[in-house]
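Chemist: sequence and predicted structure are below.
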Amino acid sequence: MTPDRIVRALRRRWPVVAALSLLAAALGVLSAAVTLPVYRSTVTSILAVSSFDGVSNVTSAANVINTVAPTLAEISTSRSMLDSVAAETGIPAEEIAAHIMVSNPTDTLLIVVRATGSSPDQAEAIAAAATDALAEHASSMNVTIGSTNVHLSLSEVDASPTAQLIGPSKSRNGAIGLIVGGWLGLAATLALETGQRTMRANPSPQPRPNRP
C-alpha cells in the first residue's frame, strides 16, 4: 500500500485509531493505579583503608580496588548478610535478595547499595541495614598488603538518602499505551482497507436466475 493510500485510509478511519489509542492509554493508567508502588533508596559509601596504627596507607588503595572492594560487593548476596538485613528489617531473608543490589563502580573505592521497597520507609530501612551489614563485614576482614595489616571501614557519603518512587508511573504507562494503541489502530485501519479493496477487486458472483 502506497503512502497516499495510507493517508487516505487514516482520514477515513481515524476514529478507529483514536478509539484504540485512548483505550490502550486508559488501560495503561489503570494498570499503574492498581499496581503496588516501588521505591528505591541508594546509599553510597567509600571504602577507607588504614593500617592498625592509624596511619593512612594510600599506596594500598589500588590493591584494595582490585581485590577487596569487588569481593565486598559480592558478599551482599551471602546468607549471613541476608540474615543480618532480615533481622534488622523484619523481612524474610528469602525475600531480601530481591530487594538489594550492591555494586562497586569500576576503579573506585565506592560501594553503592540500592534497595527497593513498597514504601519509602521500607526502602530506606533495607538500604541502611544492608550498608551496616557490609560495614560490619568490612571491619572484620583481615587484609594484609605486603607486610602490613590494614583495617577496612565503610564511610557513608550520603548519611540520609531519601527514597524515590521509581514505578509504576501513570503518565509513563499512559504514554506507552497511547503509542501502542496508535500502532494497533494503524494496523487495524490498514487491515480493514486491504480487506475492502480485496472485496472490490473480487466481487462475489451473482446467482443466475433459474429459467423455466
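Modeler: Okay, I see it.
Chemist: quick one: S21 and L186 touch, right?
Modeler: No. Assessed by C-beta atoms under 8 Å, S21 is found out of contact with L186, at 9.6 Å. No exception for glycine: its C-beta is placed from N, CA and C like everyone else's.
Chemist: assumed T77 was part of a strand.
Modeler: No. Per DSSP: H, G, I helix; E, B strand; the rest coil, T77 lies outside any strand segment and is coil.
Chemist: domain map for the chain?
Modeler: Here the domain parsing of the chain from the TED database is 3-33+169-194, 39-164.
Chemist: how about CSV for those domains, with mean pLDDT and mean neighbour count added?
Modeler: CSV is the format used below for the domains of the chain (pLDDT from 0 to 100; neighbours: other C-beta atoms under 10 Å):
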stretch, mean pLDDT, mean neighbour count
domain 3-33+169-194, 78, 16
domain 39-164, 80, 16
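Chemist: could you identify the helix or strand that succeeds whichever helix or strand A73 is part of?
Modeler: Following DSSP states H and E, one finds A73 within helix 69-75. Where DSSP H and E defines the elements, the next helix or strand beyond helix 69-75 is helix 79-89.
Chemist: and the helix holding A73, C-alpha only, in PDB?
Modeler: These are the backbone C-alpha positions of helix 69-75, laid out as PDB (Å, rounded to 0.1, in the frame of the first residue of the first chain):
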ATOM      1  CA  ALA A  69      36.100  -3.800  47.000                       C
ATOM      2  CA  PRO A  70      34.600  -6.200  44.400                       C
ATOM      3  CA  THR A  71      34.600  -9.000  47.000                       C
ATOM      4  CA  LEU A  72      32.700  -6.900  49.400                       C
ATOM      5  CA  ALA A  73      30.100  -6.200  46.800                       C
ATOM      6  CA  GLU A  74      29.700 -10.000  46.200                       C
ATOM      7  CA  ILE A  75      29.300 -10.600  50.000                       C
END
